[in-house]
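Undergrad: next comes the sequence, and after it the predicted model I'd like to discuss.
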Amino acid sequence: MAIRRNKVGPKEDFVKKALDLLQVRRYIRTDSTRANGSSAGSTASNGEAASDSVNGEVLLQTIDLMLDERREMIGRSERMQKEFAVFRQANLETSAKLEKKIEEISLLRLVTDATGRVLLSLDPFKLILEKVITIVNADSGSMMLANPETGRLELHTATEEKPGGPGDPLSGILMAIANRVAASGKPFFIDDAQTDPFFSLLHENVNGVGALALFPLVVEGATVGVLTTASAHPGQFGLETERIMHIIAGQIAVAVQNARLYGEVRKTKEYLENLVERAGDAIFTLDLDHTIVSWNKGAELIFKRDKQEALGSSMYFFVSEDDAVALREKVRGVIDSEDILTVEIDAKKGDGRTTQVALTFSPIRGADGKVIGVSGIGKDISERKGVEEELRRLNEAKTNFVSTVSHELRTPLTSIKSFTEVLLHDMTSLSEDTVKRYLTIINEECDHLTGLISSLLDLQKLSAGKLDVRLEPLLFEDVIRQAVDLFENVALQDGIELSMDSLVPGHMTRVLGDRKRLMQILSNLLSNALKYTEPRGYVRVSLAREDLGVRLSVSDNGIGIPAGERDKIFENFYRVDNAVTRSKGGTGLGLAITKELVMLHGGQIWVDSREGKGCCFNIVIPAADAEGERRKEKDEMED
């Protein structure tokens with residue numbers, strides 16, 4: 001069976017050997033004393049005893065030297081052990097301080113990186129708070145930031161532990177203290193919340209809270225927030241805590257300020273991006289190679305090309321070939337001269353159609369002031385161009401109208417004045433028939449003037465919406481026959497056949513209409529047909545019954561209307577421009593007034609025509625029978 005032995009260290013071995021030597025020394029001295037005290041023995045024996053005594057003394061001196069050396073070694077060993085213990089303690093303290101410094105540097109680095117975290121849309125302040133709590137040996141804490149708009153402190157982040165966190169009964173009192181700290185700009189310490197007079201009335205609510213410390217976060221003289229820390233141990237936050245927080249509080253405040261500034265910049269950027277994206281105009285940017293690098297919704301709508309198709313493409317793929325070369329040179333000029341340029345182009349849409357677009361180009365400068373690209377704003381001007389063309393045409397028509405009306409007024413007035421002067425000077429010498437013929441001409445010209453003035457007044461009332469019609473049941477056939485009778489003599493004089501054909505019984509032509517205005521409609525249509533029909537031609541008037549009412553058709557075999565002019569003949573002042581119409585005269589108001597009067601009756605009007613073959617004007621007036629009245633009521637309800 002193995003025996004277990006205790007290991008003996010160097011120091012214990014030395015002491016054991018020293019004790020053994022001391023025991024030997026005592027034995028030698030005792031034996032020597034015995035030898036010297038003996039009075040008997042021979043000389044030889046005495047000599048040997050003397051020799052042994054000398055040897056014993058030498059041995060004792062040697063042992064004393066050895067003991068002294070051993071004692072010195074023991075002393076040196078103990079001193080070394082004490083020095084090592086002191087060094088070890090100092091090393092531990094230095095390591096702790098170094099770790100504390102590393103924590104401080106780590107926190108400062110974390111605060112420095114806070115702006116970067118903000119740029120990545122991360123909230124760094126909770127991590128900063130946790131790091132501060134670790135460094136100052138706190139148990140919990142919170143960070144309150146000032147609202148930029150109201151200036152009041154608001155809880156931004158807090159640890160889950162109390163105090164100051166959500167639901168903590170002390171949050172109110174801490175907020176009050178934080179406001180005082182923010183106002184003063186100085187830190188605030190409570191060494192023992194249990195005994196502090198300020199908290200004595202809240203003793204039941206401060207269990208577990210020993211020390212509190214609040215630090216203002218100040219940047220450029222303004223307090224942007226307050227950081228609070230709490231510990232369960234009284235006196236936890238001393239001068240070291242104040243020193244550490246003095247170093248890092250300013251950095252935290254800068255991080256808060258940078259976060260706010262970045263938030264404002266990002267908010268402004270998002271607002272501007274949203275504004276650009278939702279703008280009705282096309283907004284895009286080009287790089288120095290004229291390649292599209294941005295493309296908003298407005299550009300997608302105007303050019304009918306989505307962003308995916310546009311990005312990376314050349315701008316000149318989206319314009320007509322005629323405009324591409326010139327536009328490239330102009331954009332290059334914007335880059336070189338840094339001027340702003342506005343051009344109008346024909347853009348090719350993604351759906352194959354073209355549209356007119358006004359483009360404004362301006363240079364984009366980088367941080368160094370050099371041009372790095374071009375911004376473009378495009379506006380669809382096709383509608384504006386159409387309006388401008390329409391205004392130009394109307395202005396031209398108005399000019400022609402003024403000229404025509406002047407002519408239409410001057411001609412009858414000249415005739416009236418001439419015949420009136422003849423009658424005034426030579427009436428006695430003129431025959432009765434001649435006088436009667438002159439007076440008839442004067443009367444006809446007066447009627448012409450009256451009709452022209454009436455047309456102008458009607459146009460003004462229609463434009464103002466003040467022309468009323470009095471609808472009542474009447475036989476449309478009777479009105480038509482009356483109008484045909486009135487124009488029969490005119491047709492005979494011009495050698496034109498005027499006829500009327502009713503395809504339905506008279507009682508089935510009952511409509512809701514204003515007799516006077518219906519007569520005006522018929523007069524305009526008949527006079528227009530007779531005016532542009534050559535001698536030996538014909539003008540036919542027909543009536544028919546349809547589901548929507550009674551249809552009147554006035555057809556002729558006159559000069560007709562060009563296909564491109566049909567949609568324009570019902571416009572104010574418009575007259576087909578050809579040699580025949582110029583020779584016939586007219587104001588261009590008759591058909592425009594006719595259309596408005598038909599619409600006031602709730603009817604419809606259209607024209608079928610072939611140039612050189614004549615035309616047929618058709619109108620439908622709602623019927624006045626029971627079915628027609630029910631249909632009228634239904635239409636009114638739908639309106």
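TA: Perfect, I can see it now. What you are looking at is a predicted structure, and each value in this text was computed from that prediction instead of being measured.
Undergrad: where along the stretch 151-300 of the chain do the helices fall?
TA: Assigned by DSSP state H, counting those that start in this stretch, the stretch 151-300 of the chain shows helices spanning 171-184, 239-277, 297-303.
Undergrad: okay if I get these as TSV plus distance to Ser95 and mean pLDDT?
TA: No exception for glycine: its C-beta is placed from N, CA and C like everyone else's. TSV is the format used below for the helices of the stretch 151-300 of the chain (distance: least, CB to CB, whole Å; pLDDT from 0 to 100):
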stretch	distance to Ser95	mean pLDDT
helix 171-184	34	85
helix 239-277	16	82
helix 297-303	62	86
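Undergrad: isn't Ser320 up against Arg353?
TA: No. Counting by CB atoms under 8 Å, Ser320 stays clear of Arg353, with 11.8 Å between them.
Undergrad: which of the two has more residues huddled nearby?
TA: Remark: of Ser320 and Arg353, Ser320 carries more neighbours, 13 against 10, as counted by other CB atoms under 10 Å.
Undergrad: okay, the more buried one and Phe419: tell me how far apart.
TA: 62 Å (CB to CB, to the nearest Å).
Undergrad: how about His290?
TA: For His290, the distance to Phe419 - CB to CB - is 76 Å.
Undergrad: pick out the residue closest to the middle of the chain.
TA: Asn274 (1.5 Å; CA atoms, centre = their mean).
Undergrad: roughly how far apart are the residue nearest to Arg610 when sequence neighbours are not counted and Phe617?
TA: Distances taken as CB to CB, 6 or more residues apart in numbering place Gly560 nearest to Arg610, at 5.4 Å, with adjacent residues excluded. Here the distance between Gly560 and Phe617 works out to 12 Å (CB to CB).
Undergrad: now swap in Thr229 and tell me
TA: Thr229 sits at a distance of 94 Å from Phe617 (criterion: CB to CB).
Undergrad: more neighbours: which of the two?
TA: Using other CB under 10 Å as the criterion, Thr229 and Phe617 rank with Thr229 on top: 27 against 23.
Undergrad: how about the more buried one, what does it touch?
TA: Residues in contact with Thr229 (CB atoms under 8 Å, 6 or more residues apart in numbering) are 132-133, 136, 138, 140-141, 212-215, 237, 241.
Undergrad: among these, which are in strands?
TA: Of the contacts of Thr229, the ones assigned to strands by DSSP state E are 140-141, 212-215.
Undergrad: neighbouring contacts of whichever helix or strand Gly376 is part of?
TA: Following DSSP states H and E, one finds Gly376 within strand 371-380. Residues outside strand 371-380 that contact it (CB under 8 Å, 6+ apart): 281-288, 290, 293, 298-299, 302-303, 315, 331, 334-335, 338, 347, 355-366.
Undergrad: quick one, which of those residues are buried?
TA: Burial by neighbour count, judged by 16 or more other CB atoms under 10 Å, picks out 281-286, 290, 298-299, 302-303, 315, 331, 334-335, 347, 355-359, 361, 363 from the contacts of strand 371-380.
Undergrad: the strands in the stretch 301-450 of the chain, which residues?
TA: 341-348, 354-365, 371-380 (DSSP state E, counting those that start in this stretch).
Undergrad: now those strands as TSV including distance to Leu530 and mean pLDDT?
TA: Formatted as TSV, those follow (distance: least, CB to CB, whole Å; pLDDT from 0 to 100):
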stretch	distance to Leu530	mean pLDDT
strand 341-348	45	85
strand 354-365	43	88
strand 371-380	46	89
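Undergrad: of all the ones you listed, which lies closest to Ala326?
TA: With distances scored as CB to CB, the stretch of the strands of the stretch 301-450 of the chain nearest to Ala326 is strand 341-348 (8.2 Å).
Undergrad: buried set for that closest one?
TA: Buried residues in strand 341-348, counted by 16+ other CB under 10 Å: 341, 345, 347-348.
Undergrad: now stretch 239-257
TA: Buried residues in stretch 239-257, defined by neighbour count with 16+ other CB under 10 Å: 241-242, 244-245, 248-249, 251-257.
Undergrad: what's the answer for stretch 589-609, then?
TA: Using 16+ other CB under 10 Å as the burial criterion, the residues of stretch 589-609 that qualify are 589-598, 600-605, 607, 609.
Undergrad: mind saving the C-alpha coords of that stretch as PDB?
TA: What follows is stretch 589-609, C-alpha atoms only, in PDB (Å, rounded to 0.1, in the frame of the first residue of the first chain):
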ATOM      1  CA  LEU A 589     -72.800  82.700 -86.300                       C
ATOM      2  CA  GLY A 590     -75.800  81.000 -87.700                       C
ATOM      3  CA  LEU A 591     -74.800  77.400 -87.100                       C
ATOM      4  CA  ALA A 592     -73.200  78.200 -83.800                       C
ATOM      5  CA  ILE A 593     -76.500  79.700 -82.600                       C
ATOM      6  CA  THR A 594     -78.500  76.800 -84.100                       C
ATOM      7  CA  LYS A 595     -76.500  74.200 -82.100                       C
ATOM      8  CA  GLU A 596     -77.000  76.100 -78.900                       C
ATOM      9  CA  LEU A 597     -80.700  76.400 -79.500                       C
ATOM     10  CA  VAL A 598     -81.000  72.700 -80.200                       C
ATOM     11  CA  MET A 599     -79.200  71.900 -77.000                       C
ATOM     12  CA  LEU A 600     -81.500  74.200 -75.100                       C
ATOM     13  CA  HIS A 601     -84.400  72.000 -76.400                       C
ATOM     14  CA  GLY A 602     -82.600  68.900 -75.100                       C
ATOM     15  CA  GLY A 603     -82.000  67.800 -78.600                       C
ATOM     16  CA  GLN A 604     -79.100  66.700 -80.800                       C
ATOM     17  CA  ILE A 605     -77.600  68.100 -84.000                       C
ATOM     18  CA  TRP A 606     -75.000  66.700 -86.500                       C
ATOM     19  CA  VAL A 607     -74.100  67.000 -90.100                       C
ATOM     20  CA  ASP A 608     -73.300  64.400 -92.900                       C
ATOM     21  CA  SER A 609     -71.500  65.800 -95.800                       C
END
